[in-house]
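Q: Got a sequence here, can you model it:
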Amino acid sequence: MKRSRSNFLSRMSLAWQIVILLSVALLPIGGLAIFEAVRASDRTKSLAASELLADARQAAEIERLEIAEGFGAAKTLGRNSLIYSGTPEECSEELANFIGSSDRNIFASYTDENGLMSCSSLSSVVRDFSESEDFLSQRADPSAEVRVVESGNVTSRAVLILQHPVFVEGVWRGTISLSIPREVMKVFSAGGQRDNVNVALIDHEGRVLSRTSEDSDLGWWLPVGLTDQVGRSNQAVVFEGVDAFGGVRTYARVPIVEDQVSGLFSHDDSSLAGAAYILVLRAILLPGLVWVLCIALAYFAMKRLVVSGIQRIQRSVIAFKRGDREKAMRPIPGASGELEQLSNSFVDMARAVDAGEQELSDLVEEKTVLLLEVYHRVKNNLQLIISIMNIQLRGAQDERERMAIRTLRERVMGLALVHQRLYETPNLTSVPADKLVREIVSNLSDAKSGESGATILSELDALNLHPDQAVPFSLLVTEAMMNALNYSGQGTGEWRIDISLTLGADDTVELNVTNTVPTDENAVPPEPRSGMGQPLMRAFVMQLAGTMTVDQPDGKYALEIVFKRANLDEQGGQRIGMPGFSKSEHLAQERAARASNG
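A: Predicted coordinates for the structure are as follows:
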């Protein structure tokens, strides 16, 4: 990863690299400004949330006191004997007098132990609540309760209902109920003290009991998933939620009556979000403006003072590379300071390199001529030796002597072909192996043209070999062809020799020589052999660091040699045997290969 980043920067101009590095250097300043702006925004939100919670607590505390006062009035009414033991008319008169003297309550009623409400501040109203869930809950566990309804059973208004049990000598005799209209509740007046504040009453399970009159039909501001966010805790909490339109709002939940009623307060955070956005934007703009000015100054300074001079030096380097030495060795105008010194140093270096290259070119040309002359003279000397052998061959009387001279002559001819190809090839470091094989086969078949009628088929891939491999390779091909021509199927109807040379994908060279063999077990080769062919071929294979495999299918003798072609750019000779192995180890590997093939 580090290397890829380095390569990415190196492909850019120096001016842009300075721009990037300077940008990275200025990032902490911009980041610090943004961090402080975000912190200020968070503090603003925190202060707004604290203010909302303080207002909610104040409103809830006032409402809590009002409810406690209501419970006290209900308890006082429950001690009046005319309420629980008087006639309905007497009871209703007492309740009507209470409502008349109260500026907060709009309705009062008494429900006896049978669930019948025959006594109320409205004497004409009679209700039977014996089957209602609220009455059954009171009868099962008489206690003071608070309920909020959007439409009262009698008043048909949104009211807060306070229910207080009536006990006479420890016996539950019924329930006093007082109705307080929503508009006079102190908790809803908190919305009028601040702009954009919404108020709702919820029960302990998060169900909405009542909202402000203006918001009675629009509950969009309530948080999504309210029942999941509200626990049974009696502590005041502040939390953030999402309204029905996806907006983020701050909510404060304050208990009014423990485990029964809580107040939910909220205000719109859009103004705070706008102020925070402006604050963050200001924090970004100032460092951003400083960053742009610094980057522009750095870019133009680098472009004028450094990059333009380096580009001129680069053009001189490219001209030198293309061979335009005159243009490359001109002094660079306009350079100053270190760049002028660099330009003068480059011009001096270019002149020295040009002079050195000219001298090396002359030396290479001279050595090339000398090397060609060496190859040519070696070839001529070998040809002279072949001519002497031919003279000796014509004067030989013994067949075995003629066979030995002829065999030695053919081996020397193989060496002569290598040197002939070396001085005829423009590239002195490689020998065309396919042409070498083709000429060896042609020379040997011509030499035995009077003795053999073999059909020779060749399939040779075009490939070049290093001279260090070409010499043992030519001798190996010579021995293999001499062996094939001497031992091919004498007396058979089809006398055939197949030779192939292929180059594998991994630079592996494979030489295959296959010839027919006599079908008559009593057949004798036309010429005696000294038995040196196989040892010589193994020695040549070792010099090539390869392997040799012999197979004898029906009526044929197959020889396969495989070796790795040396890199033509490598200098120096080849080692005897496989790299990293001794000669004995290599021979052991060959024996194991023959055993596995046999």
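Q: In the stretch 51-200 of the chain, mark out all the helices, start to finish.
A: 81-84, 88-101, 133-140, 186-193 (DSSP state H, counting those that start in this stretch).
Q: Single out the most deeply packed of those.
A: Highest mean neighbour count among the helices of the stretch 51-200 of the chain (mean count of other CB atoms under 10 Å): helix 186-193, with a mean of 19. For the C-beta atoms, the positions are set from N, CA and C on the backbone; glycine is no exception.
Q: could you give the mean pLDDT of that helix?
A: Mean per-residue pLDDT for helix 186-193: 54.
Q: Could you shift the numbering so residue one becomes 52, and keep it that way?
A: I'll keep to 52 as the first residue from here, and by that count the last item is helix 237-244.
Q: Am I right that Ala617 sits in a helix?
A: No. Note on Ala617: no helix contains this position according to DSSP: H, G, I helix; E, B strand; the rest coil, which reports coil.
Q: picking that back up, can you list the helices of the stretch 102-251 of the chain in CSV and add distance to Leu337?
A: As requested, those are exported to CSV (distance: least, CB to CB, whole Å):
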stretch, distance to Leu337
helix 132-135, 74
helix 139-152, 66
helix 184-191, 64
helix 237-244, 38
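Q: Which of the ones you listed sits closest to Leu98?
A: helix 237-244 (16.9 Å; CB to CB).
Q: Kindly confirm my reading that Ala295 forms part of a strand.
A: No. Using three-state DSSP, the secondary structure at Ala295 is coil, not a strand.
Q: Please point out which parts of stretch 165-174 sit buried.
A: Taking 16 or more other CB atoms under 10 Å as the basis for neighbour counts, the residues of stretch 165-174 that come out buried are 166-172.
Q: how long is that stretch end to end?
A: As for stretch 165-174, its first-to-last residue distance stands at 18 Å under the measure CA to CA, to the nearest Å.
Q: Going by distance to Tyr135, which of the buried residues of stretch 165-174 wins?
A: After measuring the buried residues of stretch 165-174 against Tyr135 - CB to CB - the closest member comes out as Cys170, at 8.9 Å.
Q: which one is that closest one nearest to, not counting chain neighbours?
A: In space, not counting the residues next to it along the chain, Cys170 is nearest to Cys142; the distance is 3.5 Å by CB to CB, 6 or more residues apart in numbering.
Q: before we move on, what about His215?
A: Ala125 (3.7 Å).
Q: show me what contacts the one you found?
A: Under the criterion of CB atoms under 8 Å, 6 or more residues apart in numbering, the contact list for Ala125 reads 195, 213-215, 227-229.
Q: For those, give me JSON lines that also has neighbour count, pLDDT and distance to Arg155.
A: As requested, these are exported to JSON lines (neighbours: other CB atoms under 10 Å; pLDDT from 0 to 100; distance: CB to CB, whole Å):
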{"residue": "Ala195", "neighbour count": "18", "pLDDT": "84", "distance to Arg155": "17"}
{"residue": "Leu213", "neighbour count": "25", "pLDDT": "85", "distance to Arg155": "11"}
{"residue": "Gln214", "neighbour count": "22", "pLDDT": "85", "distance to Arg155": "16"}
{"residue": "His215", "neighbour count": "22", "pLDDT": "86", "distance to Arg155": "15"}
{"residue": "Ile227", "neighbour count": "27", "pLDDT": "90", "distance to Arg155": "15"}
{"residue": "Ser228", "neighbour count": "26", "pLDDT": "88", "distance to Arg155": "14"}
{"residue": "Leu229", "neighbour count": "27", "pLDDT": "88", "distance to Arg155": "9"}
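Q: Restricted to strands, list the residues you listed.
A: Using DSSP state E to define strands, the subset of the contacts of Ala125 located there is 213-215, 227-229.
Q: just the residues you listed now: which is nearest Gly314?
A: Checking the ones in strands among the contacts of Ala125 against Gly314 by CB to CB gives Leu213 as the nearest, at 16.2 Å.
Q: and that closest one, how far is that from Ser509?
A: Separation of Leu213 from Ser509 (CB to CB, to the nearest Å) stands at 118 Å.
Q: cool, and Gly597?
A: Taking CB to CB, one finds Gly597 at 20 Å from Ser509.
Q: More neighbours: those two, which one.
A: Gly597 (23 against 14; other CB atoms under 10 Å).
Q: doesn't Glu611 make contact with the more buried one?
A: No. Applying CB atoms under 8 Å, one finds Gly597 not in contact with Glu611, separated by 10.0 Å.
Q: who's in contact with the nearest residue to Phe149 once chain neighbours are set aside?
A: Excluding its sequence neighbours, the residue lying closest to Phe149 (CB to CB, 6+ apart) is Ala159, at 5.7 Å. Contacts were defined as CB under 8 Å, 6+ apart; by that measure Ala159 touches 128, 146, 149-150, 171-172, 227-230.
Q: please redo it, this time with the cut-off set to 10 Å
A: For Ala159, the contacting residues are 124-125, 128, 134, 143, 145-150, 153, 170-173, 213, 227-230, taking CB atoms under 10 Å, 6 or more residues apart in numbering as the criterion.
Q: distance between the ends of stretch 306-318?
A: 18 Å.
Q: what comes up buried for it?
A: Of the residues in stretch 306-318, those buried under the neighbour-count criterion (16+ other CB under 10 Å) are 306-308, 311-318.
Q: Tell me the one of those nearest Leu187?
A: After measuring the buried residues of stretch 306-318 against Leu187 - CB to CB - the closest member comes out as Gln311, at 17.6 Å.
Q: Please tell me how far that closest one sits from Glu196.
A: In this structure, Gln311 and Glu196 are 7 Å apart, going by CB to CB.
Q: circling back to that earlier point, for the buried residues of stretch 306-318, give me TSV that also has secondary structure, pLDDT and distance to Ile253.
A: TSV is the format used below for the buried residues of stretch 306-318 (DSSP: H, G, I helix; E, B strand; the rest coil; pLDDT from 0 to 100; distance: CB to CB, whole Å):
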residue	secondary structure	pLDDT	distance to Ile253
Pro306	strand	84	10
Ile307	strand	79	10
Val308	strand	78	11
Gln311	coil	75	10
Val312	strand	79	8
Ser313	strand	80	5
Gly314	strand	79	8
Leu315	strand	81	5
Phe316	strand	83	11
Ser317	strand	81	12
His318	strand	72	17
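Q: what pLDDT does the residue lying farthest from the centre of the chain get?
A: For the chain, the residue at maximal distance from the C-alpha centroid (CA atoms, centre = their mean) is Thr138, at 87.8 Å. Per-residue confidence at Thr138 stands at 86 (pLDDT).
Q: isn't it right next to Ser132, touching?
A: No. Using CB atoms under 10 Å, Thr138 makes no contact with Ser132, being 11.7 Å away.
Q: what sits against Phe180?
A: The contact partners of Phe180, taken as CB under 10 Å, 6+ apart, are 160, 162-163, 165-168, 186-187, 189, 204, 226, 228.
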